[in-house]
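# Let me see the structure of the following:
(one chain, ligands or ions: 1)
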Amino acid sequence: MKYIDEYRDERIAGGLVNQIKRRVTRPWVLMEICGGQTHTLMRFGIDELLPAGVEMVHGPGCPVCVTPLEIIDKAIAIASDPRVTLISYGDMLRVPGSRTDLFQVKAQGGEVRVVYSPTEALKFARANPDRKVVFFAVGFETTAPANAMAVWQAKREGLRNFSMLASHVLVPPAIRALLSSPRNRVQGFIGPGHVCTVMGYREYEDLIREFRVPIVVGGFEPVDLLEAILMLVTQLEEGRAEVENQYVRSVTYEGNQHAQRVLGEVFEVCDRKWRGIGEIQGSGLSLREAYADFDADRIFGTSGVTAEEASECISAEVLQGLKKPTDCPAFATRCTPESPLGAPMVSSEGACAAYYQYRRHLVAAGSGRH
Ligand code: SF4
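Prediction:
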């Protein structure tokens, strides 16, 4: 298959559903890691086509959702400085901090701008030498190389009015944390296709040796996901635990080594807090000492900022696959995309936003299914 339509072909998808039905002899709980995969499952109703024995739970692979509250509060504090132009991706503006969000800071006169890439932030910094330009960089291994490149370029140019508030997170330590939890229910993972395009899938082999849980790197179209689910249930039914690659049109075993080199040049691994989940050892990236002059956290003295999560939002349980968005008492009532209480309802990759957008609360109310 070469074109996108083929990955949405009903006939091929139906054939895969039938193969999954024939394969499954007992219940399995599978997790898709990426928020983009969650949205495809919901949008195309794939979760409802699967046999009752296959339960899909949704993982922590939504960068906006896992960005810790205290980083949002730091961004808000920095953006409130009249000398600063804070630049980020659109989703970040509506994520609630402890007391307000970046959108409110902008409404009250703070200079907050939305871009599609860090290159635009660099361009703005070059054109506005009188402004302190801070790029708020969140995301997984997928976006980290472009952000690393921006800092590398800024250093090379001696661009002293540019800095970065970085909150990057890494997928394998998050999977390790999920599997180490006594509450874990997940028996197989659909791996994150975009992350693996950069990082390859070699690093998942250790996890499989340690936990004996299959991981199939999957794409983002309906046929990709159904094929990945078939590969997972086949492994589980045969008692195998291996890393396999469904997303062969994008992912190689070693990944993009040039991107990995840039990443390693600018960032180093650090412990990182995940929103709602808490600190996961070795699960983040921070700027190396050689790039300290571009670290907004140091420049603006926000490294001591701490924050507590709102008690009503159960996003921690949702992001660990322990609960579904429809289990949250606030879902679609007090928490909606127009008035979000938690990040998974804000982000275009959030599980709560996916359930809301594709009206799963109405399905659940009508059928008793969650
Ligand atoms: S529905 Fe809203 S309050 Fe509930 S878990 Fe999702 S984001 Fe949090």
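# what residues does this protein put near the ligand?
By the rule C-beta under 6 Å from any ligand atom, the part of the chain lying against the ligand is 312-315, 318, 325, 328, 330-331, 335, 341-342, 344-345, 352. Backbone N, C-alpha and C define where each C-beta goes, glycine included.
# Narrow the residues you listed to just the buried residues.
Those of the residues of the chain next to the ligand that meet the buried threshold are 313-315, 318, 325, 328, 330-331, 335, 341-342, 344-345, 352, by 16 or more other C-beta atoms under 10 Å.
# Just the ones of the residues of the chain next to the ligand in helices?
Among the residues of the chain next to the ligand, DSSP state H puts Ser315, Val318, Pro344, Met345, Cys352 in helices.
# need the contact list for the last one.
Going back to what we said before, that points to Cys352. Applying C-beta atoms under 8 Å, 6 or more residues apart in numbering, we find Cys352 in contact with Ser315, Val318, Pro325, Cys328, Phe331, Cys335, Gly342, Pro344, Met345.
# what do you get for Pro337?
So Pro337 contacts Met345, Val346, Ala353, Tyr356, Gln357 (C-beta under 8 Å, 6+ apart).
# Closest one of the buried ones among the residues of the chain next to the ligand to His58?
Distance to His58 across these (C-beta to C-beta) is lowest for Val318, with 6.7 Å.
# thinking again about what came up before, dump the ones in helices among the residues of the chain next to the ligand to JSON lines, plus distance to Pro222 and pLDDT.
As requested, those are exported to JSON lines (distance: C-beta to C-beta, whole Å; pLDDT from 0 to 100):
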{"residue": "Ser315", "distance to Pro222": "26", "pLDDT": "89"}
{"residue": "Val318", "distance to Pro222": "23", "pLDDT": "92"}
{"residue": "Pro344", "distance to Pro222": "22", "pLDDT": "91"}
{"residue": "Met345", "distance to Pro222": "24", "pLDDT": "90"}
{"residue": "Cys352", "distance to Pro222": "21", "pLDDT": "94"}
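# Farthest-apart pair in the residues you listed, please.
Val318 and Met345 (10.1 Å).
# which ones are touching Pro222?
With contact set as C-beta under 8 Å, 6+ apart, Pro222 has these partners: Tyr7, Arg8, Ala13, Thr40, Phe44, Ile46.
# Same check on Pro27?
Going by C-beta under 8 Å, 6+ apart, Pro27 touches Gly53, Val54, Glu55.
# List buried residues within these.
Of the contacts of Pro27, these count as buried by 16+ other C-beta under 10 Å: Val54, Glu55.
# helices or strands next to the helix or strand where Asp271 lies in the packing?
Taking DSSP states H and E as the criterion, Asp271 maps to strand 267-274. With contacts taken as 3 or more C-beta pairs under 8 Å, 6 or more residues apart in numbering; DSSP states H and E, strand 267-274 sits against strand 162-169, strand 278-287.
# Output the last one as CSV, restricted to C-alpha atoms.
Right, the one you point to is strand 278-287. The C-alpha trace of strand 278-287 is given here as CSV (Å, rounded to 0.1, in the frame of the first residue of the first chain):
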residue,chain,number,x,y,z
GLY,A,278,4.4,12.3,39.2
GLU,A,279,8.1,12.0,38.7
ILE,A,280,9.5,9.3,36.5
GLN,A,281,13.2,8.6,36.7
GLY,A,282,15.2,9.4,33.5
SER,A,283,12.0,10.3,31.6
GLY,A,284,12.8,13.8,30.4
LEU,A,285,15.3,15.9,28.5
SER,A,286,16.8,19.1,29.7
LEU,A,287,19.4,21.4,28.2
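# can you state the direction angle for that strand and strand 267-274?
150 degrees (axes from the mean of the first three to the mean of the last three C-alpha atoms, to 10 degrees).
# Show me what strand 278-287 is in contact with.
144, 151, 164, 166-170, 173-174, 176-177, 263, 266-274, 294-295.
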